[in-house]
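Peer 1: Requesting a structural model of the entry that follows:
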Amino acid sequence: YEASNIIGMDAVFVHMAKKYYTPELAYWVSASQLERIKERADQLEPILVGKSCPEIVLPDTAKVMHALDSIKARYTVVYFWDYDCGYCQKVTPKLIKWYDSIKGEGIEVYAVELNENNLGMWNAYIDKHKLDWINVSDIFHTSDVHHQFDIISTPIIYVLDENKRIIAKKIEMDELNKVIMHDMEIKDMQKQSSK
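Peer 2: Model (predicted):
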């Protein structure tokens, strides 16, 4: 469940780890292994689907701070990427094309560049590819988004609703539209049933 490709299944791992993997109930598990399971569950719990997204406040290329919570959008796509990553270079143009097609529909992209080593190259990439969404990076080394959002490789896509609750995470670019459309349908059905 921890590493499932099905969205939200990590919640099963967190539940099992917290409820059943205690020294009293999981007596066959070593203390060090129990501690690793507990630490992993503690890491994943704040970023489970349905939870409010942890706060991110990072600077853009002009060193102006941007808080994720301050974005007013029906949906926010949080895109963790690296301009120098080969797979990111394949996914980012798809995201650009998608974003250009949905501009004005209440969807924003908050792109977190994870390679803080060469800000000049990051700026050049933004200019060359005309990334006109919110571009931020941890240039001051004040956050640990890698650990906080369980980022092992890039790119990673999270989708947040208007209240900044996580509705999907670690999805492929090709699934992005489907996830948002599905959430819209659910919310529309909920509105209809409450009338």
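Peer 1: confidence score at the most centrally placed residue in the chain?
Peer 2: Note on the chain: the residue nearest the mean C-alpha position is residue 158, at 3.0 Å, using C-alpha atoms, centre = their mean. For residue 158, the pLDDT comes out at 97.
Peer 1: Residue 24 now?
Peer 2: Reported pLDDT at residue 24 in the predicted model: 84.
Peer 1: Next up, phi/psi of it, please.
Peer 2: Main-chain dihedrals, residue 24, degrees, to the nearest 10: phi -70, psi -40.
Peer 1: Any stretches of the protein with poor pLDDT?
Peer 2: In the predicted model of the chain, no residue satisfies pLDDT under 70.
Peer 1: And the strands in it, which stretches?
Peer 2: Read by DSSP state E, the chain holds these strands, from start to end of the chain: 57-59, 65-67, 75-81, 107-113, 134-137, 156-161, 166-169.
Peer 1: for the second one, packing partners?
Peer 2: Read it as strand 65-67. Contact here means 3 or more C-beta pairs under 8 Å, 6 or more residues apart in numbering; DSSP states H and E; on that basis strand 65-67 packs against strand 57-59. Quick note: C-beta positions are derived from backbone N, CA and C, even for glycine.
Peer 1: ok, back up a step: the strands of the chain: which one's closest to residue 21?
Peer 2: Of all the strands of the chain, it is strand 166-169 that lies closest to residue 21, at 23.0 Å by C-beta to C-beta.
Peer 1: Let me see the contact set for the nearest residue to residue 82 once chain neighbours are set aside.
Peer 2: The shortest distance from residue 82 to any non-neighbouring residue, by C-beta to C-beta, 6 or more residues apart in numbering, is to residue 115 (4.3 Å). Contact partners of residue 115, counting by C-beta atoms under 8 Å, 6 or more residues apart in numbering, are 82, 83, 84, 85, 122, 137.
Peer 1: in the protein, which spans are helices?
Peer 2: All helices of the chain, identified by DSSP state H, fall at 10-19, 31-44, 86-102, 119-129, 145-148, 176-194.
Peer 1: okay, now residue 108: neighbour count?
Peer 2: By other C-beta atoms under 10 Å, 19 other residues sit near residue 108.
Peer 1: my guess is it contacts residue 79, does it?
Peer 2: No - look at residue 108 against residue 79 with C-beta atoms under 8 Å: they stay out of range, at 10.7 Å.
Peer 1: Would you mind measuring from the residue nearest to the centre of the chain to residue 47?
Peer 2: Applying C-beta to C-beta, to the nearest Å, one obtains 8 Å for the distance of residue 158 from residue 47.
Peer 1: likewise residue 27?
Peer 2: From residue 27 across to residue 47, the span is 30 Å (C-beta to C-beta).
Peer 1: ok, these two, which is more surrounded?
Peer 2: Remark: of residue 27 and residue 47, residue 47 carries more neighbours, 19 against 8, as counted by other C-beta under 10 Å.
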